[in-house]
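Participant: Sharing a model prediction with you, sequence too.
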Amino acid sequence: MLLGFINSLTHSHFPIQFNPFSYFHHPPFPDLLKFASRRFALTASKTQFISTMPVGEDNVSSVKRQLTQLFEISLRETVPGEPDIVPLVDSCSEKSGVKHGDYQCNNAMVLWAKIKGKQTGFRGPPAVGQAIMKNLPPSELIESCSVAGPGFVNVVLSKNWIAQSLHRMLIDGIDTWAPRLPLKRAVVDFSSPNIAKEMHVGHLRSTIIGDTLARMLEFSHVEVLRRNHVGDWGTQFGMLIEFLFEKFPNPEEVNEAAIGDLQVFYKASKLRFDSDSEFKQRAQQAVVRLQGGEIRYRKAWKQICEISRTEFHRVYDRLGVQLEEKGESFYNPIIPSVLEELGNKGLIEESEGARVIFVDGVKIPLIVVKSDGGYNYASTDLAALWYRLNEEKAEWIIYVTDVGQQQHFDMVFKAAKRAGWLLADDSLYPKATHVGFGLVLGEDGKRFRTRNTEVVRLVDLLDEAKNRSKTAVLERDAAKDWPEEEVDKTSEAVGYGAVKYADLKNNRLSNYTFNFDQMLNDKGNTAVYLLYAHARICSIIRKSGKDIEQVKRNGKLVLDHDGERALGLHLVQFSEVVEQACTNLLPSTLCEYLYDLSDIFTKKFYSNCQVIGSAEETSRLLLCEATATVMRKCFYLLGIEPVYKI
């Protein structure tokens, strides 16, 4: 039962059959010998515990943070005897068409519950709210305040401050609006295909979501180690190597062109493995020889990996995704020492011939050594987690895989907490987080497949997206005279962007239906609509005939019209939205912000505020440029290439 259960705890890789004794007699990875040859001090003292206070200077670009600092001063003045009062500040939402302010402090009711009966002189939450408002220090950020209901303090931001903030961003650059998160280094583990298997639509979500999370963290001044934990070690390699030897007795003949389609090669070797007992036996022996470090087998393994890696990078290049590969094989040399240390800590027990770790809340244990002595996903993931914490000094390790692997990672993290590697409190660093995501479905509501029930190859999907996009681009009159190179570039930007945005706009935990017609629609919440909106803004600026850089230097931005102010307010909230998306690991938050930005620009600003030829042309051109600048940064964070004309 235990050995069967491990098959459900997958990390998108094959099980590993492994002989630790033969491995270290003939180690194939000398660069990691330094880890394999010494004991590991896997102690809480070696793991660096990081406070949750922000790193470096205050995040002055975030309106919410600046208001929080002001209310913190007010709360200390209002109730000096109450320690640890955290300001509860959030942006206001419109209710029944009425919006009482831009932001709201909601401490009064909670505070009243704490001080009631303490002879403070307050007579209820409204009085507490009035005191909080009265004790706010003066700030150019705030235009007016009011108290509503049970003490809610509503804040209206100064339109002059909003305008100055936007203009300063245009001059100094949008990177000055980057949030500052309370950590310096993170690992994002994403994509993780299996060697010798082609990337398919199942890898799409991990690759797209992981890349966006990495981009958002990098923008927020976090050093991100982008890790591709490929499945490059396991029983399948014995099968592949033996088949390779049969087809190519001369090793010099082995290359990508000779092997051809690696997926076809894999299927042929698997068919042979399943139908020929003698071949199967040779393949199993090939695994032992590979893991024992025999040069011939190691060379064949490297050839297969390199061919597969080349195919992966063709997809990554098209998606604009960068990763550093550290596959399963990288961590194998350190597994024995890691497990030895866990055993010395009393975490590992014997159970039905296997070595396991029991964790709270799960009846079935985490198997770290199988009954045959081989390692598995848990062994590799524990070694990888230790390495990332202690050697790479990561404070936040993020694993982007499907929701079906949630329990596996939950058990690995709990084991790490028992070992003292991670803190029990997940709000503190160092910490590890599993970022789960749902399935990509077809129109029939089932897992997205081709008509012959094969999984959809990712390269075919991207080709289809580009081709459909190209057809739509060429239907536009403006594009008829474009050179072929520009048509291709625009088609790729729109097609690939449509695929990415259709995925990212959904809450990642949900399944979503893959539909080209919907994602390539130029109306509604699609990348096509957003890219075209950005192109139209760029067109407005071009048609003005003004040098926008000169306008930035010499012009002045004002927000006298309600539509101008609404757009300006949404723009200055960019920083806190990115911070929220990073903190919650939800790219959909940024997508929602981007769509709302386009909507506000079109419906509240552009429909009501003439730009070219108006008395306010200079100011409104600056507002257009600020909108385009924020949109471009959103596109970048989502891995989407903007288009400037359409």
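Facilitator: Thanks, I have the structure now. Residues are numbered from 1 along each chain as shown.
Participant: use CA for all of it now, contacts and neighbours both
Facilitator: OK.
Participant: low-confidence ranges in the stretch 1-150 of the chain?
Facilitator: Across the stretch 1-150 of the chain, residues meeting the criterion (pLDDT under 70) sit at 1-61, 95-97.
Participant: As a check, name the ranges of all helices in it.
Facilitator: Ranges of helices within the stretch 1-150 of the chain are 2-5, 20-25, 33-36, 63-78, 108-115, 125-134, based on DSSP state H, counting those that start in this stretch.
Participant: again with the stretch 151-300 of the chain
Facilitator: 159-172, 204-219, 236-247, 256-259, 262-275, 277-291, 295-319.
Participant: Dump the helices of the stretch 1-150 of the chain into a markdown table; add distance to residue 544 and mean neighbour count as well.
Facilitator: Listed next are the helices of the stretch 1-150 of the chain as a markdown table, based on distance: least, Cα to Cα, whole Å; neighbours: other Cα atoms under 10 Å:
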| stretch | distance to residue 544 | mean neighbour count |
| --- | --- | --- |
| helix 2-5 | 66 | 12 |
| helix 20-25 | 70 | 15 |
| helix 33-36 | 63 | 16 |
| helix 63-78 | 32 | 19 |
| helix 108-115 | 50 | 16 |
| helix 125-134 | 45 | 22 |
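Participant: thinking again about what came up before, generate a markdown table for the helices of the stretch 151-300 of the chain, with mean neighbour count and distance to residue 619 as supplementary columns.
Facilitator: Shown next, in a markdown table, are the helices of the stretch 151-300 of the chain (neighbours: other Cα atoms under 10 Å; distance: least, Cα to Cα, whole Å):
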| stretch | mean neighbour count | distance to residue 619 |
| --- | --- | --- |
| helix 159-172 | 18 | 9 |
| helix 204-219 | 24 | 28 |
| helix 236-247 | 21 | 64 |
| helix 256-259 | 13 | 58 |
| helix 262-275 | 16 | 57 |
| helix 277-291 | 19 | 68 |
| helix 295-319 | 17 | 37 |
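Participant: So which of the helices of the stretch 1-150 of the chain is nearest residue 586?
Facilitator: helix 63-78 (18.9 Å; Cα to Cα).
Participant: about what we covered before: between the helices of the stretch 151-300 of the chain, which one is nearest to residue 331?
Facilitator: The nearest among the helices of the stretch 151-300 of the chain, by Cα to Cα, is helix 277-291 at 13.2 Å.
Participant: coming back round to it: which of the helices of the stretch 151-300 of the chain has the lowest average pLDDT?
Facilitator: The stretch with the lowest mean pLDDT among the helices of the stretch 151-300 of the chain is helix 256-259, at a mean of 69.
Participant: okay, the helices of the stretch 151-300 of the chain in CSV with distance to residue 345 next?
Facilitator: Output for these, formatted as CSV (distance: least, Cα to Cα, whole Å):
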stretch, distance to residue 345
helix 159-172, 53
helix 204-219, 34
helix 236-247, 34
helix 256-259, 47
helix 262-275, 41
helix 277-291, 28
helix 295-319, 35
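Participant: Give me the buried positions along stretch 435-453.
Facilitator: 435, 436, 437, 438, 439, 440, 441, 447, 448, 449 (16 or more other Cα atoms under 10 Å).
Participant: go on, stretch 535-550?
Facilitator: Neighbour-count burial for stretch 535-550 [16+ other Cα under 10 Å]: 535, 536, 537, 538, 541, 548.
Participant: Phi, psi for residue 391 please.
Facilitator: When read as degrees, to the nearest 10, the backbone of residue 391 gives phi -100, psi -40.
Participant: What separation do you get for it and residue 183?
Facilitator: 17 Å (Cα to Cα, to the nearest Å).
Participant: Repeat that for residue 292.
Facilitator: 40 Å.
Participant: Could you check how far stretch 457-465 is from the centre of its chain?
Facilitator: 22 Å (Cα atoms, centre = their mean, to the nearest Å).
Participant: quick one: what helix or strand has the nearest residue to residue 509 once chain neighbours are set aside in it?
Facilitator: Of all residues not flanking residue 509 in the chain, residue 437 sits nearest, at 4.4 Å (Cα to Cα, 6 or more residues apart in numbering). For residue 437, there is no host helix or strand (DSSP states H and E).
Participant: what sits against residue 437?
Facilitator: 205, 206, 400, 401, 402, 403, 508, 509, 510, 511 (Cα atoms under 8 Å, 6 or more residues apart in numbering).
Participant: Drop the exposed ones from these and show what's left.
Facilitator: By 16+ other Cα under 10 Å, the contacts of residue 437 give 205, 206, 400, 401, 402, 403, 508, 511 as buried.
Participant: Of residue 391 and residue 183, give the one with the bigger neighbour count.
Facilitator: residue 183 (22 against 11; other Cα atoms under 10 Å).
Participant: Dump the helices of the stretch 1-150 of the chain into TSV; add distance to residue 211 as well.
Facilitator: Output for the helices of the stretch 1-150 of the chain, formatted as TSV (distance: least, Cα to Cα, whole Å):
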stretch	distance to residue 211
helix 2-5	31
helix 20-25	35
helix 33-36	30
helix 63-78	27
helix 108-115	40
helix 125-134	42
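Participant: can you tell me which residues contact residue 639?
Facilitator: Counting by Cα under 8 Å, 6+ apart, residue 639 has contacts 208, 211, 212, 215, 319, 320, 321, 497, 500.
Participant: how far away is it from residue 281?
Facilitator: From residue 639 to residue 281 the distance is 46 Å (Cα to Cα).
Participant: and if you look at residue 531?
Facilitator: 56 Å.
Participant: Could you do residue 247 as well?
Facilitator: 18 Å.
Participant: How much space separates the closest residue to residue 529 other than its chain neighbours from residue 515?
Facilitator: Using Cα to Cα, 6+ apart and skipping the chain neighbours, the partner closest in space to residue 529 is residue 522 (4.4 Å). According to Cα to Cα, residue 522 stands 14 Å off from residue 515.
Participant: again with residue 85
Facilitator: 49 Å.
Participant: What of residue 631?
Facilitator: From residue 631 to residue 515 the distance is 25 Å (Cα to Cα).
Participant: again, but for residue 440
Facilitator: 10 Å.
Participant: Let me know which of the helices of the stretch 1-150 of the chain is the nearest to residue 458.
Facilitator: helix 2-5 (30.1 Å).
Participant: Now residue 249, what are its backbone angles?
Facilitator: According to degrees, to the nearest 10, residue 249 has phi -60, psi -30.
Participant: For burial, what's the neighbour tally of it?
Facilitator: By other Cα under 10 Å, neighbour count at residue 249 equals 10.
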